[in-house]
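1. one predicted model, sequence on top.
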Amino acid sequence: MLTCIVYERDIKSITEVLMKEKVIFHPRISPTGIPNFQNYGFRDFVLLIDRNICSSLLQLCKKGELPNPHVTRLIGCLMFWSIFNNISVTSGVALTEYLNSTNNRLAAGTELKMFQKIFNYYHPNVWLNLGMGKEIAIEPMKLEINDVLELNWDLDHFYFHYAEMLHISYLLNRNDMEPEEKMIEYLQWTSSNLLFSQYTTIYACMLFTNSIKAIRFTKKKDILKECRNQAWDLTYLSEWSTLYWDDMLHQQVFLFSTFDKALKRIFIETHSADENFLYKWFGRKNGEKILHEYIRLTNRKTKTGIKMDDVKSIIKQEEDKLIELLNGQSN
């Protein structure tokens with residue numbers, strides 16, 4: 001077992017950095033990014049990290065440093081905090097995103113193998129020194145990574161969210177519709193084709209009312225890529241929600257960590273929303289109109305057994321419709 005002498009002031013400093021940056025989330029433990037484990041004692045905690053954190057961690061271990069010293073320090077803080085508190089770290093969704101975007105099963109398998117070895121390769125003091133700002137680089141990993149498996153992972157949630165983002169982008173580019181009309185149409189489309197997602201619903205509210213950056217979904221260049229990227233952000237939250245929703249009853253509790261400001265805001269806004277959440281973005285009059293339609297739609301019989309072939313067919317239709325709209329606007 002590794003011996004690690006840590007001063008109380010160092011633990012406090014590391015924790016203060018993470019609290020200030022608000023990078024650790026859970027609907028009950030840390031709804032605003034400031035954890036309070038009071039009602040979750042003696043559990044087995046797991047920290048799910050997003051792709052940005054995962055890729056930064058892997059790059060740091062491969063090259064020994066990162067171009068951004070602030071990210072380096074945050075990685076150090078997060079790693080030391082997790083190890084010190086006996087919290088496991090998982091990158092499953094992040095590696096699935098990498099596999100989906102590169103279609104390189106061997107490279108994804110190599111990343112998984114490397115990720116699994118990181119925690120026994122470096123002494124906790126390495127992460128502590130990074131987190132305290134005493135060091136800005138580490139020794140690169142020197143490992144022979146053998147017996148790499150070709151990953152063949154996939155997540156249905158991603159395809160649901162990609163279809164959603166395509167339709168949201170289509171509505172964002174409809175200049176003949178008011179924000180409340182776009183929201184109602186989005187809710188009706190979702191009811192007819194997919195299942196409601198609390199995170200996407202809140203995100204759509206913010207996008208349609210220009211309460212969060214939307215320009216990347218209104219530019220023809222790379223718009224499908226932008227939709228895929230955002231779909232993955234939403235996938236982290238929805239996949240994670242299947243793990244946390246009843247964790248009061250279980251020994252294992254999943255936390256989530258991201259450095260992405262927009263993703264943080266989606267989570268915080270969703271878990272601070274009340275029954276009149278639509279008023280916040282659309283005002284009382286239009287919010288009432290949307291809420292009435294939302295209640296009507298959600299009171300209908302819930303769809304079951306949605307087939308992935310149907311979802312992928314919807315994706316193709318939405319891609320074509322979005323590109324056709326943008327091409328028509330540029331003529």
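-> Okay, I see it. Everything quoted here is computed from the prediction, not taken from an experiment.
2. what segments of the stretch 201-331 of the chain are helices?
-> Using DSSP state H, counting those that start in this stretch, the helices of the stretch 201-331 of the chain run over 223-244, 261-272, 277-298, 308-330.
3. okay, those in TSV with mean neighbour count and mean pLDDT next?
-> (C-beta placed from N, C-alpha, C; glycine too.) Formatted as TSV, the helices of the stretch 201-331 of the chain follow (neighbours: other CB atoms under 10 Å; pLDDT from 0 to 100):
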stretch	mean neighbour count	mean pLDDT
helix 223-244	20	97
helix 261-272	18	96
helix 277-298	16	95
helix 308-330	14	94
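4. what's the closest of these to Phe119?
-> Taking CB to CB, helix 223-244 is the member of those nearest to Phe119, at 20.6 Å.
5. re earlier: out of the helices of the stretch 201-331 of the chain, which gets nearest to Thr96?
-> Once those are compared by CB to CB, helix 223-244 is nearest, at 8.5 Å.
6. how about the residue nearest to Leu322 when sequence neighbours are not counted, secondary structure?
-> In space, Leu322 comes closest to Tyr170 once its chain neighbours are excluded; the distance is 4.7 Å by CB to CB, 6 or more residues apart in numbering. The three-state assignment at Tyr170 reads helix, by DSSP: H, G, I helix; E, B strand; the rest coil.
7. same question, Phe45
-> strand.
8. ok, now which ones touch it?
-> 85-88, 252-255 (CB atoms under 8 Å, 6 or more residues apart in numbering).
9. for it, name its beta-bridge partners.
-> Taking DSSP bridges as the rule, Phe45 bridges to Val253.
10. from Ile290, how far out is it?
-> Plainly put, Phe45 is 38 Å away from Ile290 if you go by CB to CB, to the nearest Å.
11. next, count neighbours for the residue nearest to Leu322.
-> 24 (other CB atoms under 10 Å).
12. then Ile24?
-> 21.
13. isn't it right up against Ser257?
-> Yes. Between Ile24 and Ser257 there is a contact under CB atoms under 8 Å: 5.3 Å.
14. which residues are in contact with each of the two?
-> With CB under 8 Å, 6+ apart, Ile24 and Ser257 have common neighbours 47, 78.
15. sketch out the low-pLDDT regions of the stretch 1-150 of the chain for me.
-> Where the stretch 1-150 of the chain drops to pLDDT under 70, the residues are 1-4.
16. now the helices for it?
-> 8-21, 51-63, 69-84, 92-102, 105-121, 124-131.
17. any idea which of those helices gets closest to Asp246?
-> helix 92-102 (19.4 Å).
18. that closest one to helix 105-121, inter-axis angle?
-> Interaxial angle of helix 92-102 relative to helix 105-121 (axes from the mean of the first three to the mean of the last three CA atoms, to 10 degrees): 150 degrees.
19. what is helix 92-102 packed up against?
-> Applying 3 or more CB pairs under 8 Å, 6 or more residues apart in numbering; DSSP states H and E, one finds that helix 92-102 contacts strand 44-49, helix 51-63, helix 105-121, helix 156-172, helix 223-244.
20. got JSON lines for these, with distance to Leu149 too?
-> JSON lines is the format used below for the helices and strands packed on helix 92-102 (distance: least, CB to CB, whole Å):
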{"stretch": "strand 44-49", "distance to Leu149": "21"}
{"stretch": "helix 51-63", "distance to Leu149": "17"}
{"stretch": "helix 105-121", "distance to Leu149": "5"}
{"stretch": "helix 156-172", "distance to Leu149": "21"}
{"stretch": "helix 223-244", "distance to Leu149": "21"}
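21. quick one, which of these gets closest to Asp309.
-> Across those, the minimum distance to Asp309, taken as CB to CB, is reached by helix 156-172, at 10.4 Å.
22. from the chain's centroid, how far away is that closest one?
-> Offset of helix 156-172 from its chain centre (CA atoms, centre = their mean, to the nearest Å): 15 Å.
23. any idea of the mean pLDDT in that helix?
-> Helix 156-172 shows a mean pLDDT of 97 in the predicted model.
24. can you name every helix or strand that that helix contacts?
-> So helix 156-172, by 3+ CB pairs under 8 Å, 6+ apart, packs with helix 92-102, helix 179-193, helix 198-208, helix 223-244, helix 308-330.
25. of all those, which lies closest to Asn276?
-> helix 198-208 (12.2 Å).
26. now that closest one and helix 156-172, what's the angle there?
-> Using the same axes, to 10 degrees: helix 198-208 against helix 156-172 is 20 degrees.
27. state the number of residues packed around Asn276.
-> Quick note: Asn276 (other CB under 10 Å) scores 11 neighbours.
28. so who does it touch?
-> 287, 291.
29. got it, and the one 5 residues further on?
-> Trp281 makes contacts with 205-206, 208-209, 211, 287, as judged by CB under 8 Å, 6+ apart.
30. let's see if you can find the most crowded of those residues.
-> Phe208 leads these on contacts (other CB under 10 Å) with 25 neighbours.
31. okay, that residue: pLDDT?
-> 98.
32. same deal with the one 4 residues further on?
-> The predicted local distance difference test score for Ile212 is 96.
33. my guess is Thr200 meets Leu234, correct?
-> Yes. Between Thr200 and Leu234 there is a contact at 5.6 Å, judged by CB under 8 Å.
34. that'll do, ta.
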